[in-house]
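Enquirer: The amino acid sequence is not available; the structure is as follows:
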Ligand SMILES: Cc1cc2nc3c(=O)[nH]c(=O)nc-3n(C[C@H](O)[C@H](O)[C@H](O)COP(=O)(O)OP(=O)(O)OC[C@H]3O[C@@H](n4cnc5c(N)ncnc54)[C@H](O)[C@@H]3O)c2cc1C
Ligand code: SF4
Ligand code: SF4
């Protein structure tokens with residue numbers, strides 16, 4: 001039979017591209033589809049049990065954070081926090097290589113060195129197609145270093161979940177918030193996950209652009225895809241440049257404001273526009289850029305030493321952060337949670353407008369995902385009615401015109 005769950009996802013264009021369904025169902029695999037998103041494709045029948053398992057954990061259909069423990073600070077916009085602050089990796093090369101302050105990578109290095117985990121499942125550049133991503137296992141500082149940095153291109157890190165679960169040892173998982181949501185949801189039905197994955201890390205996520213977006217960057221840089229030896233989206237500085245390096249060693253680069261602001265942000269998949277948890281609420285630790293930007297969220301400086309925003313969201317995350325600081329791998333300083341309003345205005349706006357966007361989808365007759373335990377009403381109450389009305393009308397119009 002075909003999968004009713006996957007059919008509903010496809011009808012609503014709700015897929016995040018996490019890859020979990022491909023790990024659950026023997027006859028589903030992730031493939032690149034136009035204009036460059038990773039999507040599940042059935043290669044044969046999906047059993048009723050597999051369909052039920054997908055329906056229970058697929059983040060396109062359900063994001064249910066209703067049963068997570070609530071710490072003393074559980075902000076309607078910024079979620080649960082045992083510690084909120086800024087920080088950076090004390091490994092200066094790693095800090096420079098990483099996306100912002102290298103806190104995610106620094107924590108991973110510590111988790112490996114301390115024996116908390118035996119390997120890390122993370123996503124870096126595909127050596128055979130440098131603009132694309134490859135999820136792989138890393139096991140030491142140099143391998144974590146090589147995978148550091150943000151990759152603004154599709155990744156399906158859960159597609160090989162069975163392979164990672166079958167490997168000896170415990171592992172840390174790093175992914176987009178929706179990947180972590182999917183993994184936590186799957187853990188409710190698969191006890192191997194809690195036993196094998198003691199650490200889940202996420203970054204704040206504005207959305208995944210299509211690979212066509214990267215193609216537009218290459219075109220503007222005047223670099224032919226076949227000449228490409230390496231491609232980074234940012235990092236190697238803060239915010240760093242999108243950099244295309246040719247086989248002959250020459251390189252072209254573009255600022256973050258131009259690559260993300262002018263090109264990639266316009267290629268983001270639909271599901272990201274209604275993402276209720278793009279800030280890693282159910283990760284042990286979520287990191288982001290700790291910069292003060294303009295209204296569009298771009299940094300108000302040229303280049304600086306990187307600084308990450310760090311939110312420890314669980315006791316496990318808070319303990320790891322404390323240990324990594326004590327071991328001298330991370331430096332951190334506390335931050336008032338309201339400061340994040342100024343650092344991440346686009347994330348705050350999206351959270352406040354989720355309900356109005358879901359309402360527009362319902363009116364347009366589109367399948368609507370089930371969101372629970374995300375404080376969406378409290379977030380919506382922080383917006384002016386006019387802003388909500390504009391958000392509702394804007395999405396409804398785009399849906400009716402087939403432009404969403
Ligand atoms: C698509 C995308 C959207 C983002 N949107 C925002 C945003 O709205 N606001 C914000 O502040 N920050 C955003 N970031 C994150 C930000 O760029 C930094 O990753 C964050 O500040 C943490 O920095 P760091 O130096 O601690 O991370 P690093 O030490 O550089 O580690 C980054 C980690 O992320 C993993 N990773 C990178 N790209 C992917 C990917 N595509 N899929 C799965 N894993 C990946 C790497 O394997 C690595 O472990 C986004 C990143 C991505 C990839
Ligand atoms: S969101 Fe993930 S689990 Fe759901 S259909 Fe897409 S790839 Fe599969
Ligand atoms: S915005 Fe949300 S749905 Fe889109 S990639 Fe990021 S976490 Fe996933």
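Expert: Yes, it's here. If you're wondering where the values come from, they're calculated on a predicted model, not measured in any experiment. Ligands and ions are numbered 1, 2, ... in the order given.
Enquirer: tell me the contacts of the residue nearest the centre of the chain?
Expert: Residue closest to the mean C-alpha point of the chain, counted by Cα atoms, centre = their mean, is residue 176 at 2.0 Å. Neighbouring residues of residue 176 by Cβ atoms under 8 Å, 6 or more residues apart in numbering: 16, 18, 155, 157, 202-203, 205, 208. (C-beta placed from N, C-alpha, C; glycine too.)
Enquirer: per-residue confidence for it?
Expert: What the model reports for residue 176 is a pLDDT of 98.
Enquirer: Relative to residue 245, how far out is it?
Expert: Distance of residue 176 to residue 245, computed by Cβ to Cβ, to the nearest Å: 25 Å.
Enquirer: Then residue 35?
Expert: Taking Cβ to Cβ, one finds residue 35 at 25 Å from residue 245.
Enquirer: More neighbours: which of these two?
Expert: Per other Cβ atoms under 10 Å, whichever of residue 35 and residue 245 has more neighbours is residue 245, with 18 against 13.
Enquirer: can you count the residues close to residue 90?
Expert: 16.
Enquirer: Report pLDDT for the nearest residue to residue 378 once chain neighbours are set aside.
Expert: Nearest residue to residue 378, sequence neighbours excluded (Cβ to Cβ, 6 or more residues apart in numbering): residue 76, at 3.8 Å. Listed pLDDT for residue 76 reads 97.
Enquirer: Surely residue 76 and residue 380 touch.
Expert: No: contact between residue 76 and residue 380 fails when scored by Cβ atoms under 8 Å: they sit 9.1 Å apart.
Enquirer: More neighbours: the two, which one.
Expert: residue 380 (19 against 16).
Enquirer: Let me see the contact set for that one.
Expert: Here residue 380 is in contact with 352-356, 388 (Cβ under 8 Å, 6+ apart).
Enquirer: picking that back up, from the contacts of residue 176, which are also near ligand 2?
Expert: On the criterion Cβ under 6 Å from any ligand atom, 16, 18 are the entries of those that sit beside ligand 2.
Enquirer: Kindly reformat the contacts of residue 176 as JSON lines containing pLDDT.
Expert: Compiled in JSON lines, the contacts of residue 176 are given as follows (pLDDT from 0 to 100):
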{"residue": "16", "pLDDT": "98"}
{"residue": "18", "pLDDT": "98"}
{"residue": "155", "pLDDT": "98"}
{"residue": "157", "pLDDT": "98"}
{"residue": "202", "pLDDT": "98"}
{"residue": "203", "pLDDT": "98"}
{"residue": "205", "pLDDT": "98"}
{"residue": "208", "pLDDT": "98"}
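Enquirer: which of the contacts of residue 176 lies closest to ligand 3?
Expert: Checking the contacts of residue 176 against ligand 3 by Cβ to the nearest ligand atom gives residue 205 as the nearest, at 3.2 Å.
Enquirer: Off-centre distance for the host helix or strand of residue 6?
Expert: Element membership for residue 6, per DSSP states H and E: helix 4-12. Taking Cα atoms, centre = their mean, to the nearest Å, one finds the center of helix 4-12 at 22 Å from the center of the full chain.
Enquirer: Wondering if that helix reaches ligand 3 at all.
Expert: No: against ligand 3, helix 4-12 shows no contacts by Cβ under 6 Å from any ligand atom, the least distance being 12.2 Å.
Enquirer: Report the buried residues of that helix.
Expert: Neighbour counts over helix 4-12 (16 or more other Cβ atoms under 10 Å) mark 5-6, 8-9, 12 as buried.
Enquirer: No more questions from me, cheers.
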